[in-house]
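Q: what's the 3D shape of this:
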Amino acid sequence: MFAFCADPKSIEGLQWLLCYLTSGKHMLFYASFGTVLLLLAITAPVALAFGFGGAVAARSSFLPLSLLGKAYTAMVRGVPDIIFFLFVPIALDQGFEYLRHKVKCPDWTQSIWQGNDFIVCPEAKLPLSTSPQSVHEIYGFALAVLAFAIVFGAFAANVLYGAMRAVPRAQMETAEAYGMSQRQAFWRVLVPQMWVYALPGLSNLWMILIKATPLLFLLGVEDIVYWARELGGSKTQAFEYPHPDWRVWYFIVLLVFYLGMTRVSEGVLGRLTSRLSRGQATLGGEMQRKAAR
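A: Model prediction:
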């Protein structure tokens, strides 16, 4: 980064620390904070979409669709998250490669299952071996997003399903009495009102999602936990910047980061709850009405 950093062993003090904190690996460490934020930014709406679909399916009058929605929420919520986080990326990866294998290599005669190995033709691999490293990283990150979305989508589905049931039935009956179809009443009456009931549960789910982001490390994504452990571990004289075990300081940085994220989230969610409660026949809405007198 700086000219005087060319020979780290010849400098000391603040210059050494400055060079150390601006090394290439530290730049990757700083960029990994963006990876975590990107995961949250993508996973939250995708998981909410999964959850909304699961909740709508669970309350459907069509029995097979209702059973599918309820099975999704029950199965994912009833299995430890870590199992899904490890299983889903592997299953999706092999599923995609299997489909590509059937399309691109129809003349393949060997079994794709050879003992414990899953082997497809080179053309079906994802990503291709000739793809640049960035493609491999994006593919791994996309699988991680899907794993997070499927797991947290099941929890969101349970929250939204309960919120839909919390909306007074009289609201739907009134809408239908005014000539609305069931679909119109659902989108114009039920969905706008359910959010105030769903927000407390979704707020907790968002906090849990923030705390679950270190699981990226288990999915092969180089996140902030990976780099904190990698950079903080003791380094001998064989390394460019030797130092003792500094992991506690790196993990303190992570502690501050996550506490800051949760504090900001609490403020935003509090404002959102207050806004959605206006005019609603809920405890929060009643408190606002009395305060305005």
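Q: next, count neighbours for the closest residue to R165 other than its chain neighbours.
A: Of all residues beyond its chain neighbours, the one nearest R165 is R59 (7.7 Å), with distances taken as CB to CB, 6 or more residues apart in numbering. (Glycine included, C-beta is placed from N, CA and C.) R59: 17 surrounding residues under other CB atoms under 10 Å.
Q: who's in contact with R59?
A: By CB atoms under 8 Å, 6 or more residues apart in numbering, the contact set of R59 is 66, 69, 161, 164-165.
Q: give me the buried positions along the helix or strand hosting V56.
A: Using DSSP states H and E, the element containing V56 is helix 24-58. Across helix 24-58, burial judged by 16 or more other CB atoms under 10 Å covers 26, 29, 32, 35-36, 39-40, 42-44, 46-48, 50-58.
Q: re the thing from before, how near is the residue nearest to R165 to N158?
A: 12 Å (CB to CB, to the nearest Å).
Q: same check on R169?
A: The value you get for R169 to N158, if CB to CB is used, is 20 Å.
Q: neighbour-wise, which of these two wins?
A: N158 (22 against 8).
Q: nearest residue to the more buried one other than its sequence neighbours?
A: T73 (5.0 Å).
Q: in which helix or strand does that neighbour reside?
A: helix 63-77.
Q: what does that helix contact?
A: With CB under 8 Å, 6+ apart, helix 63-77 has contacts from 53-60, 84, 150-151, 153-155, 157-158, 161.
Q: ok, now stretch 108-118?
A: Counting by CB under 8 Å, 6+ apart, 94, 97-98, 101, 119-121 sit against stretch 108-118.
Q: so how do I select the buried members of the residues you listed in ChimeraX?
A: The buried subset of the contacts of stretch 108-118, as determined by 16+ other CB under 10 Å, is captured in ChimeraX by this line:
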select :97,101,120
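Q: from the contacts of stretch 108-118, which is closest to Y139?
A: Y139 has its nearest neighbour among those in E97, at 11.3 Å by CB to CB.
Q: OK, contacts around the closest one?
A: 118, 120, 124-126.
Q: one more pass at 6 Å, please.
A: 120, 124, 126 (CB atoms under 6 Å, 6 or more residues apart in numbering).
Q: swap in M164?
A: Going by CB under 6 Å, 6+ apart, the list of residues near M164 reads M194.
Q: which pLDDT value goes with it?
A: On the pLDDT scale, M164 is placed at 90.
Q: list the buried residues of the helix or strand it falls within.
A: Applying DSSP H and E as the criterion places M164 in helix 133-166. By neighbour count on 16+ other CB under 10 Å, the buried set for helix 133-166 is 139-141, 143-161, 163-164.
Q: now the residue nearest to L202 when sequence neighbours are not counted: how far from V268?
A: Spatial nearest neighbour of L202, excluding adjacent residues (CB to CB, 6+ apart): V159 at 5.8 Å. For V159, the distance to V268 equals 18 Å [CB to CB].
Q: do Q184 as well
A: 32 Å.
Q: the helix holding T73 versus helix 133-166: what angle between them?
A: Interaxial angle, helix 63-77 versus helix 133-166 (axes from the mean of the first three to the mean of the last three CA atoms, to 10 degrees): 120 degrees.
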